[in-house]
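A.B. asks: I would like the atomic coordinates for the input below:
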Amino acid sequence: MALLWPVHMGLAQSPLDASSLKGKWELFSAGGRELTFPLEKIEIADETLNMSDDCNDTFFSYVINDGQITASPGGTTLMGCNEDKTLEEKMALRIQAAIVAAITHSKIQLSGDILQLTPMPGSFFMGELRFRRTK
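C.D. replies: Purely as a prediction, here's the structure:
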């Protein structure tokens, strides 16, 4: 008897548990578009997810239930940041906001070393975010 996993947006979904998500991930696609500027990174541990901007770290706790991830902010460092942002840095902040929206409540799929977050209806960012495992 063959086991079949659902396929969405061309990504074959693997069964998910926290251990399969552990590691460092780099965003390479947003809303179906390949990204060419410096790529955002997240790090996932057993029950926490960490992301960094140019000067601060934000920590989330998360749960996975029925193919969906729901995360809650756990804290943010409050370092003084450079207020004079380049266009590239401003775009990175928008991408970070999309990542936060996606991890707050999204469908989550894993295929090998590709992690896809698809925000739930009502999110301000309506495209999927795709990450590749770096470690």
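
A.B. asks: all contacts plus neighbour counts: C-alpha atoms, from now on.
C.D. replies: Fine.

A.B. asks: The residue sitting nearest the centre point of the chain and Asp84: what is the separation?
C.D. replies: Central residue of the chain (CA atoms, centre = their mean): Ile99, 5.1 Å from the mean position. Going from Ile99 to Asp84 by CA to CA, to the nearest Å gives 22 Å.

A.B. asks: Repeat that for Val63.
C.D. replies: With CA to CA as the criterion, Val63 and Asp84 are 36 Å apart.

A.B. asks: Looking at those two, which is more packed in?
C.D. replies: Using other CA atoms under 10 Å, the more surrounded residue of Val63 and Asp84 is Val63, with 15 against 8.

A.B. asks: Which helix or which strand is home to that one?
C.D. replies: Using DSSP states H and E, Val63 maps to strand 57-65.

A.B. asks: strands paired with that strand, and their directions?
C.D. replies: Next to strand 57-65 in the sheet, as set by DSSP bridges, lie strand 48-52 (antiparallel), strand 68-76 (antiparallel).

A.B. asks: Where do the helices of this structure begin and end?
C.D. replies: Under the criterion DSSP state H, helices of the chain are mapped to 18-21, 87-104.
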